[in-house]
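In: Need a 3D model of the sequence below.
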Amino acid sequence: MNPALLWSAAVIGACVYCVARSMVDFRRRNYVWGALGLASGLLLLLVPMPTHAVKVELPQATGG
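Out: The predicted structure is shown next:
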């Protein structure tokens with residue numbers, strides 16, 4: 001299994017948990033914990049995911 005896919009799934013799972021937990025906290029009127037959970041869930045979405053970079057070299061145009 002691809003390690004990048006595994007890490008992506010783990011981060012998305014943690015994000016879903018944080019957002020779901022924040023909704024429970026908002027319903028219980030724990031607004032501070034709800035806001036912290038929502039902020040941490042959204043912050044996890046902003047974490048850069050590892051990718052494979054592809055380098056393409058094009059020939060330079062010659063002046064003629």
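
In: which is the next helix or strand following the worst-scoring helix or strand of the chain on mean pLDDT?
Out: One helix or strand of the chain scores below all others by mean pLDDT, DSSP states H and E: helix 3-27, with a mean of 89. Downstream of helix 3-27, the next assigned helix or strand under DSSP states H and E is helix 31-45.

In: Just the residues contacting that following helix, thanks.
Out: Identification of contacts with helix 31-45 by Cβ atoms under 8 Å, 6 or more residues apart in numbering yields 11, 14-19, 21-23, 25-26. Any C-beta I mention is one placed from the backbone N, CA and C, and that applies to glycine too.

In: Next, the buried residues of that helix.
Out: 34, 37-38, 40-41, 44 (16 or more other Cβ atoms under 10 Å).

In: again, but for stretch 12-26
Out: Buried positions in stretch 12-26, judged by neighbour count with 16+ other Cβ under 10 Å: 15, 18-19, 21-22, 25.

In: Run through who's touching it.
Out: By Cβ under 8 Å, 6+ apart, the surrounding residues in contact with stretch 12-26 are 31, 33-38, 40-42, 44-45.

In: Need those in JSON lines (columns: pLDDT).
Out: Listed next are these as JSON lines, based on pLDDT from 0 to 100:
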{"residue": "31", "pLDDT": "95"}
{"residue": "33", "pLDDT": "94"}
{"residue": "34", "pLDDT": "94"}
{"residue": "35", "pLDDT": "95"}
{"residue": "36", "pLDDT": "94"}
{"residue": "37", "pLDDT": "93"}
{"residue": "38", "pLDDT": "93"}
{"residue": "40", "pLDDT": "93"}
{"residue": "41", "pLDDT": "92"}
{"residue": "42", "pLDDT": "91"}
{"residue": "44", "pLDDT": "88"}
{"residue": "45", "pLDDT": "87"}
